[in-house]
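> Pasted the sequence and its predicted model underneath.
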Amino acid sequence: MEVNSKMMRRVAELCAINGASGSEDAVRTYLTSEVERLGLSWQTDALGNLIVQKTGRRIPAKPIMVSAHMDEVGFIITSVDEQGYLHFAPVGGIDPRVAPGRTVAVNGHPGVIGNVPIHLLSKKQREASIEFSDMAIDIGAADRQQALEVVQPGDMAYFAYPFTQLGDNRFAGKAIDDRAGCAVLLWLLEQELQNSCTVVFCTQEEVGLRGAKTAAFSVDPAVALIIEATTAADNLGLSAADTVCDLGAGAVVGFMDRSTIYDRELVQLAGHLSREKNIPLQYKKGVFGGNDAGAIHQSRAGVRTLAISLPCRNLHTASGVADWGDLQAVMELTHAVIDHVC
């Protein structure tokens, strides 16, 4: 089974929505509309998590939680200077080197992240690491007063990059982490499942796994599956030993990352099902990154967790790159694990 046009359109629509940590409202509105179209009930909590009950053929003794996060990395406006430039701080883990010259959107208005041009820097300055404090967003305002007519401190700015098909089977865009995961969860809600589960679209993952912490306490699951995007690092001439995973090689399952040691039986179950059902699967090489499992597995008396991830190049930049075949593998493996986890 290949990713169909409906799934492709859904991923593109989700990636196009702006929603940084703490500002996921537009993403949640899109998702609730889709959930209501399916005739399913939903609720939100104080942190904005969207929680949906999906009924399967049987009800486990204790809930199965399946989650993906709604938020993306972005920038928060901290001040506006007298020249009309917007000063900002990152929301989530963004490498400052990827920001200069990028087009951004602020309250629907285009802007460009600028810094001191390289030909005006001294040799020492050129060799120094660039910081976000060295940059500002230019929205074309003549002065501070004109800028404040459309932007206020506390507003969010987002990378502005169109969703793009690359070749036959790959795609690029902002917010693939983790709108692709959100699309997988919507797809699951449309499927017939063996086990009932609680589907959670989490908030504030990029700034400390905050939504997942409260959601896991509320749901109180025995098992949690976290659907994510993970850095591929299979480009730019890195050796095979230095890559984390590869585009086109299937869904990614890890043994451990910086926030979680994953449940061994669940990892083994994923491997068994991938072989039985011929689902492409690769294991994450090395101990890198983290995701909502870091908060979920420590909830209450503890939760058995498994992360199933989509490989993505250029994570946390204006234009991540992923593979449709890998996304299909994530969909199929997630469905299979839910059906067989208990």
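Nice, thanks for sending it over.
> okay, the top helix by length along the chain in PDB with CA atoms only?
Longest helix in the chain by number of residues (criterion: DSSP state H): helix 324-340. These are the backbone C-alpha positions of helix 324-340, laid out as PDB (Å, rounded to 0.1, in the frame of the first residue of the first chain):
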ATOM      1  CA  TRP A 324       6.500   9.100   1.400                       C
ATOM      2  CA  GLY A 325       7.500   5.400   1.500                       C
ATOM      3  CA  ASP A 326       8.900   5.900   5.000                       C
ATOM      4  CA  LEU A 327       5.700   7.600   6.100                       C
ATOM      5  CA  GLN A 328       3.700   4.700   4.800                       C
ATOM      6  CA  ALA A 329       5.900   2.400   6.900                       C
ATOM      7  CA  VAL A 330       5.200   4.500  10.000                       C
ATOM      8  CA  MET A 331       1.500   4.200   9.300                       C
ATOM      9  CA  GLU A 332       1.500   0.500   8.800                       C
ATOM     10  CA  LEU A 333       3.800  -0.300  11.700                       C
ATOM     11  CA  THR A 334       1.800   1.900  14.100                       C
ATOM     12  CA  HIS A 335      -1.400   0.200  13.100                       C
ATOM     13  CA  ALA A 336       0.100  -3.200  13.600                       C
ATOM     14  CA  VAL A 337       1.600  -2.500  17.000                       C
ATOM     15  CA  ILE A 338      -1.800  -1.100  18.300                       C
ATOM     16  CA  ASP A 339      -3.500  -4.300  17.100                       C
ATOM     17  CA  HIS A 340      -1.000  -6.600  18.700                       C
END
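> Which helix or strand lies directly C-terminal to the helix or strand of the chain with the lowest mean pLDDT?
For the chain, scoring each helix and strand by mean pLDDT, DSSP states H and E identifies helix 123-127 as the least confident one, at a mean of 70. Counting by DSSP states H and E, the next helix or strand C-terminal to helix 123-127 is strand 136-138.
> What is that following strand packed up against?
Using 3 or more C-beta pairs under 8 Å, 6 or more residues apart in numbering; DSSP states H and E as the contact test, the elements touching strand 136-138 are strand 86-91, strand 109-114. (Each C-beta comes from the backbone N, C-alpha and C, glycine too.)
> The same query, at a cut-off of 6 Å, please.
Using 3 or more C-beta pairs under 6 Å, 6 or more residues apart in numbering; DSSP states H and E, the elements in contact with strand 136-138 are strand 109-114.
> returning to that earlier point: pull the residues that contact the longest helix of the chain.
By C-beta atoms under 6 Å, 6 or more residues apart in numbering, the residues outside helix 324-340 that reach it are 3, 169, 184, 187, 193-195, 197, 250-251, 270, 273, 277, 279-280, 308, 310-311.
> From these, list the buried ones, please.
Buried residues within the contacts of helix 324-340, counting neighbours by 16 or more other C-beta atoms under 10 Å: 3, 169, 184, 187, 193-195, 197, 250-251, 270, 273, 279-280, 308, 310-311.
> Flag the shaky bits of the chain, pLDDT-wise.
Low-confidence segments of the chain, defined by pLDDT under 70, span residues 1, 120-122, 125, 127, 236-237, 240-241.
> can you list the domains in it?
The record's domain parsing of the chain by automatic domain parsing lists 5-72+174-340, 75-159.
> Nearest to Gln165, out of the ones you listed?
Nearest of the domains of the chain to Gln165, taken as C-beta to C-beta: domain 5-72+174-340 at 8.3 Å.
> and the end-to-end length of the closest one?
28 Å (C-alpha to C-alpha, to the nearest Å).
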